[in-house]
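Visitor: Whatever this is, show me its structure:
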Amino acid sequence: MKRTIVGAVVALTALTLVGCSSSEGDHVAVATTTSTATTTTTVAPKTTAPPKTTTAVMRDFWIRVDRDGYATMNVNGTYTDAELESAFNEQKRIWTSTKKGDGWFIEINCGDGQSAEGGARQANGKFAITALGAARTGLEKGGSEFEALPNRQPCPLQLDATAAGAVTADDVIAAIKVAGLPVVDPRTNTSFCAESGCVQLVTTDYFSVYQFADQAKADKFAAAWPLHYQNGLVFLRYTGDGSDPTDPALIPQYNAVLDQVMAG
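Guide: Below you'll find the model as predicted:
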């Protein structure tokens, strides 16, 4: 599915949506016959900040910059169109908000890590951050284009790097919510720590939850953060300053929830 987003203010007109996939769905069933990609063009008003990815369809990915303006996104497992687009939009959001580069061409492939190469192509996307990026990508400034390949080859089954029954970062987030403690805008950002051995990272505005499969790697990575609390293969990282510092009064409560979850 090809989707184009134009970052300019225009009058709203009636749009015809043809065969657009739902925002949630099962893994893609790959066809053996040739079909034509469905194209959807979306015109949106210009905004000062990129839209956040819908966390309901967010899945893990790794991003690798190949050269200026070109990057490869690897996904471990067969993703739906919506999940691929969600991953693309998340990377677009991150690099647009941090003003990284002028514009980017991103190819999304199968791969079980950041350095994996040669996996089957799953989708293509591009977006423009600056006027120079717009010129390079053929888009308007702030615009983007995404296309999931209609007859893509399936990726190998997702490799699970954790032991059966291991506590996940998602488990900790769920327990903190049940305890009634603040969990603001949770999103998966595993690509930020995958090279260091983490298997899942869930970030919120006030804290982050890191999950590892190897104790030595967990200990080494946790030690790099002055304000953290670790229990086994999982640790909580807090922020002492910046725009969203963690409330010191909440830290012992977050820690207690982690201890309860790890104790089973």
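
Visitor: Just list whatever residues bridge to residue 62.
Guide: Bridge pairing for residue 62 (DSSP bridges) gives the partners residue 74.

Visitor: Pretty sure it sits against residue 91.
Guide: No. Using CB atoms under 8 Å, residue 62 is not in contact with residue 91, being 10.4 Å away. In short, each C-beta sits where N, CA and C put it, glycine included.

Visitor: can you point me to the longest helix in this structure?
Guide: helix 81-97 (DSSP state H).

Visitor: Contact partners for residue 236?
Guide: 172, 207, 208, 209, 210, 228, 229, 230, 254, 255, 258 (CB atoms under 8 Å, 6 or more residues apart in numbering).

Visitor: picking that back up, quick one: buried residues of the longest helix of the chain?
Guide: Across helix 81-97, burial judged by 16 or more other CB atoms under 10 Å covers 81-96.

Visitor: if we can go back for a sec, between the contacts of residue 236, which sits nearest residue 109?
Guide: residue 210 (25.6 Å; CB to CB).

Visitor: Okay, and that closest one sits in which element?
Guide: Using DSSP states H and E, residue 210 falls within strand 207-212.

Visitor: can you check residue 108 too?
Guide: Counting by DSSP H and E, residue 108 is found in strand 103-110.

Visitor: what about the strands in the stretch 101-250 of the chain?
Guide: Counting by DSSP state E, counting those that start in this stretch, the stretch 101-250 of the chain has strands at residues 103-110, 121-128, 144-148, 187-188, 198-203, 207-212, 228-231, 234-238.

Visitor: what would the ones you listed look like in a markdown table with distance to residue 221?
Guide: Below are these laid out as a markdown table (distance: least, CB to CB, whole Å):
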| stretch | distance to residue 221 |
| --- | --- |
| strand 103-110 | 26 |
| strand 121-128 | 29 |
| strand 144-148 | 32 |
| strand 187-188 | 17 |
| strand 198-203 | 7 |
| strand 207-212 | 7 |
| strand 228-231 | 9 |
| strand 234-238 | 8 |
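
Visitor: Deepest in the core, which of those strands is it.
Guide: When you average the neighbours per residue for each of the strands of the stretch 101-250 of the chain (mean count of other CB atoms under 10 Å), strand 207-212 leads with a mean of 26.

Visitor: which stretches of the chain have low pLDDT?
Guide: 1-58, 156-165 (pLDDT under 70).

Visitor: what separates stretch 209-225 from the chain centre, distance-wise?
Guide: 20 Å (CA atoms, centre = their mean, to the nearest Å).

Visitor: that older thread, possible to save the contacts of residue 236 as TSV with distance to residue 129?
Guide: Shown next, in TSV, are the contacts of residue 236 (distance: CB to CB, whole Å):
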residue	distance to residue 129
172	34
207	29
208	25
209	30
210	29
228	32
229	36
230	37
254	35
255	39
258	37
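
Visitor: of those residues, closest to residue 130?
Guide: Scanning the contacts of residue 236 for proximity to residue 130, where the rule is CB to CB, the winner is residue 208, at 29.4 Å.

Visitor: Am I right that the closest one is in contact with residue 200?
Guide: No. Residue 208 is beyond contact range of residue 200, at 10.8 Å (criterion: CB under 8 Å).

Visitor: thinking again about what came up before, looking at the strands of the stretch 101-250 of the chain, which is closest to residue 244?
Guide: Among these, strand 207-212 sits nearest to residue 244 (CB to CB), with 9.4 Å.

Visitor: Remind me what that closest one packs against, helices and strands.
Guide: helix 169-178, strand 198-203, helix 215-223, strand 234-238 (3 or more CB pairs under 8 Å, 6 or more residues apart in numbering; DSSP states H and E).

Visitor: Just the buried residues of the first one, please?
Guide: If I follow you right, that is helix 169-178. Within helix 169-178, judged by 16+ other CB under 10 Å, the buried ones are 169, 171, 172, 173, 175, 176.

Visitor: Out of these, the closest to residue 120 would be?
Guide: Once CB to CB is applied, the member of the buried residues of helix 169-178 that ends up nearest residue 120 is residue 169, at 28.0 Å.

Visitor: backbone phi and psi for the residue nearest to residue 117 when sequence neighbours are not counted, please?
Guide: Leaving out its chain neighbours, the residue that sits closest to residue 117 by CB to CB, 6 or more residues apart in numbering is residue 111, at 7.2 Å. Per-residue torsions, residue 111: phi -180, psi 140 (degrees, to the nearest 10).
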